[in-house]
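Chemist: A structural model of the following input is requested.
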Amino acid sequence: MDKGLLLQIIVTVSDIVSILLTLFSWGLIIYILSSWIPGLRESSFGQTLGKVYEPVLEPIRNLIPPLGGMLDLSPIILFLVLRLFVAGLDSIFNALIRMIV
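Modeler: You can find the predicted model right below:
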């Protein structure tokens, strides 16, 4: 396979993954803020967001329950995990690009 084509494929995959993770992060922010707006979580939009984010947040909540029963740290921890995941993926993609070039 041509090195230029392989490099383009890796860059494209890296860009797509970056965009998807950015969209996931923004969706998480919207989901968090929706708890402050009365009725938004009960709407179809809020329920759809809940179907996406609750399965990801629930295991974190099982490990670290809300402080005082009110302060839920699971979204913050999820953001930290996402940032570490993105940094790791960037390192992997950069290593692959250096191998090709």
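Chemist: Need the nearest residue in space to Leu67, chain neighbours excluded.
Modeler: Leaving aside its sequence neighbours, Leu67 sits nearest to Leu73 (Cβ to Cβ, 6 or more residues apart in numbering; 6.7 Å). Every C-beta, even on glycine, is put in place using the N, C-alpha and C of the backbone.
Chemist: I'd guessed that neighbour sits against Pro66; true?
Modeler: Yes: the pair Leu73 / Pro66 is scored as a contact, 7.3 Å apart, by Cβ atoms under 8 Å.
Chemist: Among the two, which residue is more densely surrounded?
Modeler: Taking other Cβ atoms under 10 Å, Leu73 and Pro66 do not tie; Leu73 has more neighbours (14 against 11).
Chemist: Need the per-residue pLDDT for the more buried one.
Modeler: What the model reports for Leu73 is a pLDDT of 92.
Chemist: How about Ile37?
Modeler: For Ile37, the pLDDT comes out at 88.
Chemist: The one 4 residues further on now?
Modeler: In the predicted model, Arg41 carries a pLDDT score of 86.
Chemist: so what's the closest residue to it other than its chain neighbours up against?
Modeler: Leaving out its chain neighbours, the residue that sits closest to Arg41 by Cβ to Cβ, 6+ apart is Ser34, at 5.3 Å. By Cβ atoms under 8 Å, 6 or more residues apart in numbering, the residues touching Ser34 are Leu40, Arg41, Gly46, Leu49.
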